[in-house]
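>>> I would like to see how this sequence folds:
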Amino acid sequence: MTDVLEFFVPIHARDLEDLEKTGINQYHISEPCEFDIHPRQQLDDLTRIFDCLHREKSPTSLFSKPEIFTALFSYIKAIESPETNQTVTKHARHKICHEVSERLKKLLQICLTYLKKKTDGGVSDALLICLRSTVKMYVFILCNILLSSVPMPEEDENLSYSSQRSTRRRKRTRSEQDTGIGEDCSGVDQDGRELALTALIDVCSPDLFTLWGGKIEETMLNLILRMVLHMITQKSNVQNDAQSVSGALAVLLLRVCDHIMAHGSVEPRDFIMPMIELALKTEFASQFLTRFVSEAESGDISNDSTTNIVTVLVEGMAVAALHDVSGDAGAAKNMALFFSEVAKRCVSITVRMADVIVQTIHSENYEIRKSVITCITEMVIQRYTGPMRSTDDEEETKDKYLSEILFRIMDCNPFVRNHTIHMWGRLVEARAIPKRFHLAVTNAILGRLEDRNHLVRDSALQVIACILRKNWFGQVLNSCLVRDKLEESRITAARMFDSDDIFRKGLDKLRSKCRPVEVETNGFFCESEENATASFQLSDEQSSMINRLIFYEKALEFAELIKKALCHATMLLDSRTERDAIEAIKLIVACNEYHIEGSEKAFLRVLVMIFEGEIKIQCAVRDAFVEVVFTAFAKTSASSLMRNMASAHKLIGFLRGATEGDVSAVDRIFDLMKCNPSFSRLLSGQFMDAVWSIAEGSMDHDVSPTDRRTAMRLFSLLCKHDWRELCARKESIVEFLRSDAIKDNVLLAYCLKSLESEYQNPHYQPIPVRVEPREHVILEQLVIHLCRRTSKISSWLMLADAAVNAIHSLCESPALVYTYVLDYIVRRIETEPNSLTQLFFLLGRTAIKQLVAVDSAERQQLKRLDAEVMSQKPLNDINSNSNADVMHKELGIGSHEYKRHAIQELAQRRKNAIMSEGSVWYRYSKYVVAACREKSEHFGEKALERVCAVMALSELMVISESFCEQNLNLLFAIVSEKRESWVVKTNAVIALGDLACVHPNLLAPHLKVPTTGFFRLLNDDDLRVRAVTIQVCSHLVLGEMLRIRDHLYTIVKLVADPDETIANNAIAFVQNLAMKEKEKTGNLIPPLVAQLSQSIPPDRFQLAMRSLLERVEGDKPTESLIERLCLRFEPYSERSKRKLQMARNLAFCLHELTYSTERSIKKITSEACYQQYKQWLRDEVVLDYFKNIAGKAKRVGQRVGNERRDKAAIEEWELRMQADSCSLEAGYEETRSVASDGEREETETVP
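From the prediction side, this is the model:
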């Protein structure tokens, strides 16, 4: 075997058959072989071949038996040459890979065992050639299999019936065909690839150095390298569950690199360039290189050559990131992925190559800058943070990096700003920010709350909340408290020093340590600074006190910054971006947790957002409420009773100065919490016990009356949502009502309101008619509080309202109780000064409640009737042919409609009976009318009596149409009286709104003239009256209950009201009107322009009209509106300011329209319209508006290529306007000069 020809790996498989390329001294295949095995027979053929190999005892049988290798070579040749008659199937490739990998591993074990035995020498050269050649044969087969691509389904097994059927199906994309489960392009499964790569790694092992004679053959290394580069471009080898394959590829590539570098024929840069090219093209290659770098840095593989390769790789990637990715978003993203993953997986390389990586932060591509910021963040967290990282050089480096990413908060790209802020959030979470950067970071991120990009704003809100929760100054950051501590520390510190100069120097010395470390470049400066600071020494006590002073200074500055952030968050609650509002809510919750000034007010602002339409906003408000009220105390180790008591006090503190809207918001939040089981448990019995104990004063006798009122109101809301808890505490509530010690009417009112919720119990039995008040404990208390004398009439009104509501809900026939109470009060009118006020209030309120009771009974009866009909419908359908049913239908007797009509008629009679002769309300209405006819001065100090009389009058007018007709003029007379109080007027305005809905025909004559009646109140001298009037008008107009199209300007002109609230209400009305009257908006605009031009200033006119003009859509409405607006231009007049302002406003309206179609341009440039505004083009403002119309039209609209089809017509119109404006101005100046010359001549001829 001395003349054995060694096998050398060819560049191409077919070269083995070409003697000229292999040479006579190398292994070659003497006879050409053709692959003609049918796809169905390939597995059987391969089984036969590998069985032959298995039967051979020699491990080198593949080399020693050329016929076996020739058979396998035919498969490799067929794979390399797709033009062959038969293709190699996926199953055949799979089998070859598995079998060859297993035999290669066994062969390598044999080689290793043999070489270990022959360490002292005596190795047979011929045997080494056989072993080496066999190994290279196996490597040759494996690499070519893994380099191949599986054929298309229609090419694979093209003669099989299943393949013929598949051609009729939809063609799959290449990505669907490439891989099955765990397969790559070669068709080999993941286990097979892993097995092959493991075998190839063993081939490159240093233990087999003797086998290769010092160096591995370059052609084999190149083949393995080609295979690795091919595999790393495939997702199935890098991502998902292919981590084992990816790791094996990385190790194999490192081994190959080591051997190639050992040859010395290739420079590291030339070796690395193909990898960088792949990384630029594919994400998978970039992700693999991060694994490659991580493996290269591991201890068992790392050496000088791998270190050089990694260094060159990082440098090459940095150069590519700076120069090769501009304009290529995909390549930039791949580069960014590499740097980010390397920093996360192997920060030591990032630190070593920091100078190279950090310079790429100046790249034009924002993805690269983001990745460098990630690298800096990982270095700071993993390398420069911790108890052992405190050397001066490290602190200086850390400050340099932090300063760099601090500057990037102001990057020109919003995505970089957003990413930078997120990275600062990571640094805050990891507590990697030194104290000298605390305030600088907070201030920089605070500035981003005004960023134009909503992603940046949201990130800033998140990070500020994180900074607050990880703050360095304590749990209570109230500015007032911190300021007091600061002053106290300043006074104490000043006493410890002999002079103020020493105190200031010591303070400056320690303050300098709170600033980032700066690079010292000037030796003289450093020396002078050291001499200045060494002139005196501070004692430990002095240093401690100054440090404390500096701490409070920084704490106060930090508290002020968070206070500013809170203001920004409060403003962002009104943002149109949903995410802004949600993140702002979270920051407000965090501010409330740390007692920032203004956080309670901001939290109340959050609560009312529960009425927003978006469900995400409602859930965010609910979660914020739970976090502040309940979760904040759940972390403590106190008992559940104490936690619930703390939650109750917290909520009462919020509602102490709350408005009705805030309380309604809490009610709505309770409703949402009850709908969610995870939150409903928080409203437990213990929580209600805590609230009740505060309300009744049993837990803490020092609770203020205001807190007790708030607690009782809160208890009534809780009872509304859980009637079972109310029933469990019913006896305690009754005892509280019967107690003589309770004199607070407001407290009693809320207590009665809680009792009202008992009717929600489905098993509740109303108080029967036959029961006397004294026989029922609750009814007795209700009647007592309604009939008792009182000197605090204002608070009694609230108590009476709650009692009337409770009677309405709990009694079977509340009218009898109302009659008893009213008769009792009337009997003491002469003796009790406040009886008339009580009578008026109860008279109107009970009448309305009686009307509600009748209406509710009617709805329940109709609903019950409809349910009965639906349940009997199948039976009626079966008997539909009976004569009786036909007769019933014809005569209407017993039919469904007849019964409905009977119920409705009965209800109407009951409604009419409320104000019929003989009823208690009719009898006592004379007192109401008489009181309303009196002048307001007559009542003097009894202002509430006048208010209650007017309210009773309006409520009785709602009930009876005849009574309304009789007293409508009286109500308008009260409204028109200038000396009437604003309380009476506002209540009357609200009543007129109700009457307009109930009796529209009676109110119509009074709503036609814009200067009298209802509209006169829009110009009332009192601000509160105007505010209520516009709200009522807006509601009526938008609800189509009030049609004032001709007088719409009376409301719209209030956008110029000096009061901001009224102006905002008017603007909201215009916006809602524009949304509602979307199709008719064009009809509203022309008359409004004429009516508003002289009544409001131009800026407010534009604000009001812009909302209407935005709703004009479509060609026809726009074309019609253009024509109608042009017709409104009046003849030109230089002296008429009214005409000038009218022309400017018309031009503004034309400018705000959309000119995206040719029809709108044709209309405004038509001769008919042009002649209308031509004379006004001499005014610069009007001319500018029309020029802007032309410019806007050229930028948008229908285009052919890059230009509008009517661009020439637009430009011609633009030139015409410019020429006419100049000629008109010149002619006007000439006319003026001639006129002045004529006047001069006339004056000279006068004797």
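
>>> next up, the contacts around Y384.
By Cβ atoms under 8 Å, 6 or more residues apart in numbering, Y384 lies in contact with 394, 397-398, 401, 432. Heads up, the C-betas are built off the backbone N, CA and C, glycines and all.

>>> my bad, should have said L842
Contact partners of L842, counting by Cβ under 8 Å, 6+ apart, are 786, 800, 804, 818, 821-822, 825.

>>> show me the strands in the chain, by range?
Shown for the chain, the strands assigned by DSSP state E span residues 1199-1200, 1203-1204.

>>> which of these has the lowest average pLDDT?
When those are ranked by mean pLDDT, strand 1199-1200 comes last with a mean of 43.

>>> give me the buried entries from the contacts of Y384.
397-398, 401, 432 (16 or more other Cβ atoms under 10 Å).

>>> filter those down to the ones in helices?
Judged by DSSP state H, those include 397-398, 401 as members of helices.

>>> distance of the spatially most central residue of the chain from L587?
Here the mean C-alpha position of the chain is nearest to the C-alpha of R579 (Cα atoms, centre = their mean), at a distance of 1.8 Å. In this structure, R579 and L587 are 13 Å apart, going by Cβ to Cβ, to the nearest Å.

>>> mind listing what the residue nearest to the centre of the chain touches?
Counting by Cβ under 8 Å, 6+ apart, R579 touches 454, 458.

>>> now do the domain split for the chain, please.
Domain assignment for the chain by automatic domain parsing gives 1-157+183-216, 860-914, 1112-1247.

>>> just to revisit the earlier point, so for the contacts of Y384, which is the shakiest by pLDDT?
Least confident by pLDDT among those: that is E394, with 83.

>>> which regions of the stretch 651-800 of the chain sit below the pLDDT cut-off?
Scanning the stretch 651-800 of the chain for pLDDT under 70 picks out 700.

>>> let's see that with 80 instead.
For the stretch 651-800 of the chain, the stretches flagged by pLDDT under 80 are 698-702, 740-743.

>>> equivalent analysis for the stretch 401-550 of the chain, please.
The stretch 401-550 of the chain contains residues with pLDDT under 80 at 493-540, 542-543, 545.

>>> can you map out the helices along it?
414-429, 438-447, 454-469, 479-495, 500-512, 523-533, 540-572 (DSSP state H, counting those that start in this stretch).

>>> identify whichever of those lies nearest to K117.
helix 414-429 (56.8 Å; Cβ to Cβ).

>>> and the angle from that closest one to helix 454-469?
10 degrees (axes from the mean of the first three to the mean of the last three Cα atoms, to 10 degrees).

>>> hey, C-alpha coordinates of helix 414-429 in CSV?
Output in CSV follows, covering the C-alpha atoms of helix 414-429 (Å, rounded to 0.1, in the frame of the first residue of the first chain):
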residue,chain,number,x,y,z
PRO,A,414,-37.8,60.5,17.6
PHE,A,415,-37.1,56.7,17.6
VAL,A,416,-33.6,57.4,19.0
ARG,A,417,-35.0,59.7,21.6
ASN,A,418,-37.6,57.1,22.5
HIS,A,419,-35.0,54.3,22.8
THR,A,420,-32.6,56.5,24.8
ILE,A,421,-35.3,57.2,27.3
HIS,A,422,-36.1,53.5,27.6
MET,A,423,-32.4,52.8,28.2
TRP,A,424,-32.4,55.4,31.0
GLY,A,425,-35.3,53.5,32.4
ARG,A,426,-33.2,50.3,32.5
LEU,A,427,-30.4,52.2,34.2
VAL,A,428,-32.8,53.5,36.8
GLU,A,429,-34.2,50.0,37.4
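
>>> and the angle for that helix with helix 438-447?
Here the directions of helix 414-429 and helix 438-447 differ by 140 degrees (the same axes, to 10 degrees).

>>> for A1066, give its distance to S246.
Look at A1066 and S246: by Cβ to Cβ, they are 66 Å apart.

>>> what of H98?
Distance from H98 to S246, by Cβ to Cβ: 20 Å.

>>> try S1034
Remark: distance between S1034 and S246 (Cβ to Cβ) = 66 Å.

>>> out of the buried ones among the contacts of Y384, who's nearest C727?
Looking across the buried ones among the contacts of Y384 and measuring by Cβ to Cβ, the closest to C727 is A432, at 56.8 Å.

>>> residues contacting that closest one?
A432 sits next to 380-381, 384-385 when contact means Cβ under 8 Å, 6+ apart.

>>> can you lay out the residues you listed as CSV showing distance to L46 and pLDDT?
Putting those into CSV (distance: Cβ to Cβ, whole Å; pLDDT from 0 to 100) gives the following:
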residue, distance to L46, pLDDT
V380, 57, 91
I381, 54, 91
Y384, 58, 85
T385, 58, 83
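
>>> top of those by neighbour count?
V380 (24 neighbours; other Cβ atoms under 10 Å).

>>> number of nearby residues for G1191?
Neighbours of G1191 under the rule other Cβ under 10 Å: 11.

>>> if I look at it, what pLDDT would I see?
Looking at G1191, its pLDDT is 85.

>>> any chance of TSV for the contacts of L842, columns distance to C1126?
Listed next are the contacts of L842 as TSV, based on distance: Cβ to Cβ, whole Å:
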residue	distance to C1126
L786	67
A800	62
V804	61
Y818	64
V821	68
L822	66
I825	68
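
>>> the closest residue to K470 other than its chain neighbours: neighbouring residues, count only.
Leaving aside its sequence neighbours, K470 sits nearest to V428 (Cβ to Cβ, 6 or more residues apart in numbering; 5.2 Å). V428 has 22 neighbours, counted by other Cβ under 10 Å.
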